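Participant: let me see the structure of the following:
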Amino acid sequence: MTDDLSPTDRAKFAAARRAADLVEDGMRVGLGTGSTAAWLVRCLGEAVAAGTRLTGVPTSRRTAELAREVGIEVVTLDEARWLDVTIDGADEFDGALNLIKGGGGALLHEKIVATASDRMVVIADAGKAVETLGAFPLPVEVIPFGWQTTRALIEETLAGLDVATREITIRTNGAAPFVTDEGNHILDLHLGRIGDPHRLSGALNALPGVVENGLFLDICDTVVVGHGDGRAELRDLDAAAPAQAGGAAGAVSRDLDD
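Facilitator: Here you go, the predicted model:
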């Protein structure tokens, strides 16, 4: 039962459950990575057990493992070729539904899968909403070769951009650098505020050694915002006003971390 969950986890589940209702029989679905996306995979597993047919394209190894565990058919993006929808979490989203993603370390796969979909739906608790992106550190995936040189190039580039602070740290896993599913490292950019996300994204991706950054701009179509009381609010760029779905969060038994 979700009675034992914290308000934040109840909000994540409420968003995931509402987003799962958007998946129709026979769809090809991109499956995100992170704690909120894990709730979504669990909800879709319940739908599959009830008879819904769907094919999942995971954005990480751990999502693939969870999807198989709950009975979702898993294929690669090359096998699926194109997706009906991708549903994923976010670390931040603004009023234009631009995102920062990559806190779970899967930003490269997540961006590839999201842009190979007819629609991207983000699921998040209300605390992820911001007026201006940048409070959450911006992940940048870089190749291991010469990563310190790449870091220096990023520092030099940031000096000419509209950001509040310019601290850069390498993400670690214990004492060693974190390694993505593609064998790369992640630099986390502590910027405080990003004045021009489009300019920043283009400048970062133009640097040798940078594979991709965690700014998801003009990609997301809908955000499902969960609340601790079980409500789920849909924010859609095409909608005049948000729609809401009520009800207390139901039963999913496993607590999953980022």
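Participant: hey, let's count contacts and neighbours off CA atoms from now on
Facilitator: Noted.
Participant: name the spans of the stretch 101-250 of the chain whose pLDDT lies under the cut-off.
Facilitator: 239-250 (pLDDT under 70).
Participant: show me where it has its helices.
Facilitator: 107-115, 147-158, 197-205 (DSSP state H, counting those that start in this stretch).
Participant: which residues touch the last one?
Facilitator: By that I understand helix 197-205. Helix 197-205 is contacted by residues Leu133, Ile154, Thr157, Leu161, Ile194, Val210, Val211, Glu212, Asn213, Leu215, Leu217 when judged by C-alpha atoms under 8 Å, 6 or more residues apart in numbering.
Participant: compute the number of surrounding residues for the first one.
Facilitator: Going back to what we said before, that points to Leu133. 25 (other C-alpha atoms under 10 Å).
Participant: hang on, the earlier thing: which of the contacts of helix 197-205 sits closest to Trp147?
Facilitator: Val210 (8.8 Å; C-alpha to C-alpha).
Participant: not counting its neighbours along the chain, what's nearest that closest one?
Facilitator: Nearest residue to Val210, sequence neighbours excluded (C-alpha to C-alpha, 6 or more residues apart in numbering): Val142, at 4.5 Å.
Participant: tell me which residues touch that neighbour, please.
Facilitator: Thr150, Asn184, His185, Ile186, Leu187, Gly209, Val210, Val211, Glu212.
Participant: how about a markdown table for those residues, with neighbour count and distance to Ile112 added?
Facilitator: Output for the contacts of Val142, formatted as a markdown table (neighbours: other C-alpha atoms under 10 Å; distance: C-alpha to C-alpha, whole Å):
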| residue | neighbour count | distance to Ile112 |
| --- | --- | --- |
| Thr150 | 19 | 22 |
| Asn184 | 18 | 16 |
| His185 | 25 | 17 |
| Ile186 | 30 | 17 |
| Leu187 | 25 | 19 |
| Gly209 | 21 | 18 |
| Val210 | 23 | 15 |
| Val211 | 17 | 12 |
| Glu212 | 22 | 10 |
